[in-house]
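S.K.: This is a predicted model, with the sequence first.
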Amino acid sequence: MTTLVANPSFQPFAKGHGAGNDFIVLPDPHSRLALGAEDVVRLCDRRTGLGADGVLRAVRCRASPEAAAIASDADWFMDYRNADGTLGQMCGNGIRVLARYLVDAGHCPPGTLALATRAGLRTAHVPYRSADFHGPVTVGMGTPRWPGPEGITVTAGARSWPALHVDMGNPHAVAFVGDLTDPGDLTSPPAVAPADAYPYGVTIEFVARRGLDDLAVRVHERGVGETRACGTGACAAVAAALRTGAVPGTFTVDMPGGRLGVAVLADGSMELTGPATIVAHGTVRL
Ligand SMILES: N[C@@H](CCC[C@H](N)C(=O)O)C(=O)O
């Protein structure tokens, strides 16, 4: 049985990012950390905390009944939290950063890592251990699903666009725009209609087509706000492009924080590739 202990005053952490989508990694192999929503909000605050788009609690699957129920054959569980303290099922950049951390910090050998998420088992490939905690990571993102409803509209500022509902383990609304400046500054969340289309909230992608296999994307993330990149969002954008005429292959997805690659495999599943960087290790007051 796992014993939850009172949060120690100072907890080890690592800070990392994937194409500018940044995370605090909290290694908690024995699942002893009682991490509340208020802890996450405090940690992610960019003035009074470390600052991040989200928190990745890294737990050994065998120490967590929740993780073992999701994927008993996985080694580690990514307990992902958004900056507002809410739980997320899946995070494409987060899982790449977690995999880079686990390998470079010596918790796992390089190669293939089986990782549990609330969206199910995901497989990350870390080609080598990096002494400077930086390098590419590829992750199998599963197959996009189309749960409906159709006829979704997204409104930002004074403009509206039709959008497609794509599920990448977490919910997305993808709108094609003429220019990435069209949605305005995105400092407040875009409106989505019908209002009951996403009972648990949604991440919204604004996508500009640049070429046959080249997309430029801005993302307003559920539980965070506009972020510099989003891995599930990149895959959702490619899925929506395929639905509207693009041909399966390998896509480049440019986001404000950097470039991600999305490969569409023969079975329709997707692989996400991009850089993952650990920028700091330390201890933080919880
Ligand atoms: N940044 C992420 C997505 C994180 C989860 C999202 N905010 C949600 O609530 O579903 C990514 O890289 O996929």
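M.R.: Arrived safely, thanks for sending. Numbers count the residues shown, from 1 in each chain.
S.K.: CA atoms for contacts and neighbours, from now on please.
M.R.: OK.
S.K.: got the residues of the chain near the ligand?
M.R.: For the chain, the residues in contact with the ligand under the definition Cα under 6 Å from any ligand atom are 82, 88, 90-94, 170, 221-223, 230-233.
S.K.: By neighbours, which of those residues wins?
M.R.: residue 233 (33 neighbours; other Cα atoms under 10 Å).
S.K.: Name the next helix or strand following the helix or strand in which it is found along the chain.
M.R.: Element membership of residue 233 [criterion: DSSP states H and E] is helix 231-243. Toward the C-terminus, helix 231-243 is succeeded by strand 250-255 as the next helix or strand (DSSP H and E).
S.K.: which residues are contacting that following strand?
M.R.: With contacts defined as Cα atoms under 8 Å, 6 or more residues apart in numbering, strand 250-255 is touched by 19, 213-218, 228-229, 234, 238, 259-264.
S.K.: my read: residue 142 touches residue 124, true?
M.R.: No - with contact defined as Cα atoms under 8 Å, residue 142 does not reach residue 124; the gap is 11.6 Å.
S.K.: Name the SS class of residue 192, please.
M.R.: Taking DSSP: H, G, I helix; E, B strand; the rest coil as the rule, one finds residue 192 in the strand state.
S.K.: For it, name its beta-bridge partners.
M.R.: Per DSSP bridges, the residues bridged to residue 192 are residue 154.
S.K.: Sort out which of the residues of the chain next to the ligand are in helices and list them.
M.R.: 92-94, 231-233 (DSSP state H).
S.K.: Mind putting those residues into JSON lines with pLDDT?
M.R.: Formatted as JSON lines, these follow (pLDDT from 0 to 100):
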{"residue": "92", "pLDDT": "98"}
{"residue": "93", "pLDDT": "98"}
{"residue": "94", "pLDDT": "98"}
{"residue": "231", "pLDDT": "98"}
{"residue": "232", "pLDDT": "98"}
{"residue": "233", "pLDDT": "98"}
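S.K.: and which of those residues is nearest residue 281?
M.R.: Closest approach between those and residue 281, by Cα to Cα: residue 94, at 16.4 Å.
S.K.: what's near enough to touch that closest one?
M.R.: Counting by Cα under 8 Å, 6+ apart, the residues that residue 94 touches are 17-18, 21-23, 56, 80.
S.K.: Quick one: buried ones out of those residues?
M.R.: 17-18, 21-23, 56, 80 (16 or more other Cα atoms under 10 Å).
S.K.: could the ones in helices among the residues of the chain next to the ligand be laid out in CSV, adding distance to residue 174?
M.R.: Below are those laid out as CSV (distance: Cα to Cα, whole Å):
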residue, distance to residue 174
92, 16
93, 18
94, 20
231, 14
232, 11
233, 8
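S.K.: Among those, which pair sits farthest apart?
M.R.: 94 and 233 (12.3 Å).
S.K.: Which parts of the stretch 1-150 of the chain are strands?
M.R.: 10-18, 21-27, 54-60, 76-82, 111-117, 120-126, 134-142 (DSSP state E, counting those that start in this stretch).
S.K.: Out of these, which gets nearest to residue 177?
M.R.: With Cα to Cα, the closest approach to residue 177 among those belongs to strand 21-27: 22.2 Å.
S.K.: in its sheet, what does the closest one sit against?
M.R.: Sheet pairing for strand 21-27, assigned by DSSP bridges, gives strand 10-18 (antiparallel), strand 54-60 (parallel).
S.K.: how far does that strand sit from the chain's center?
M.R.: 11 Å (Cα atoms, centre = their mean, to the nearest Å).
S.K.: Please name the residues that touch the closest residue to residue 20 other than its chain neighbours.
M.R.: Once flanking residues are discounted, residue 20 sits nearest to residue 257: 4.6 Å by Cα to Cα, 6 or more residues apart in numbering. When contacts are counted by Cα under 8 Å, 6+ apart, residue 257 touches 19-21, 228-229.
S.K.: Pipe the contacts of residue 94 into a markdown table and attach pLDDT per row.
M.R.: Putting these into a markdown table (pLDDT from 0 to 100) gives the following:
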| residue | pLDDT |
| --- | --- |
| 17 | 98 |
| 18 | 98 |
| 21 | 98 |
| 22 | 98 |
| 23 | 99 |
| 56 | 98 |
| 80 | 98 |
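S.K.: Sounds good, over and out.
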